[in-house]
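Peer 1: Provided below for reference: sequence and predicted model.
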Amino acid sequence: MDLFTPVHLVIILVVALLIFGPKRLPEIGSGLGKTIKEFRKSMNEIQQDVGLEAKAKDADAEKKV
C-alpha cells in the first residue's frame, strides 16, 4: 500500500487550496521549490567537501607508505 497515491495527492492539493486560497498557493509552491533547491545545493557542497577530504586522506596515506 503506497503512502502517496495520485488520489492522496489530489486530496492534499484540494485541502491546501481550501486552506490557503488560490492566490497564496503559487507563493507557497515557489518558496517550497527554492527551499528544496537550496537544500540540494547544500547537500552537493557537503558531498564534494567530504570527497575532497577523503582524497586528501588517501593521498596522505600513500605518502606514508
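Peer 2: Arrived safely, thanks for sending.
Peer 1: low pLDDT regions in this protein?
Peer 2: Across the chain, the ranges flagged by pLDDT under 70 are 1, 65.
Peer 1: tell me, what residue is most central in it?
Peer 2: I36 (4.2 Å; CA atoms, centre = their mean).
Peer 1: Specify the local secondary structure of that residue.
Peer 2: I36 carries the three-state label helix when classified by DSSP: H, G, I helix; E, B strand; the rest coil.
Peer 1: mind checking how far K23 is from S30?
Peer 2: In this view, K23 and S30 are 13 Å apart by CB to CB, to the nearest Å. C-beta: built from backbone N, CA, C; applies to glycine.
Peer 1: These two: which has the busier surroundings?
Peer 2: Neighbour totals were compared for K23 and S30, and S30 leads with 10 against 7 (other CB atoms under 10 Å).
Peer 1: Give me the helices and strands touching the helix or strand where that one lies, please.
Peer 2: Using DSSP states H and E, S30 sits within helix 25-64. Judged by 3 or more CB pairs under 8 Å, 6 or more residues apart in numbering; DSSP states H and E, helix 25-64 is in contact with helix 6-20.
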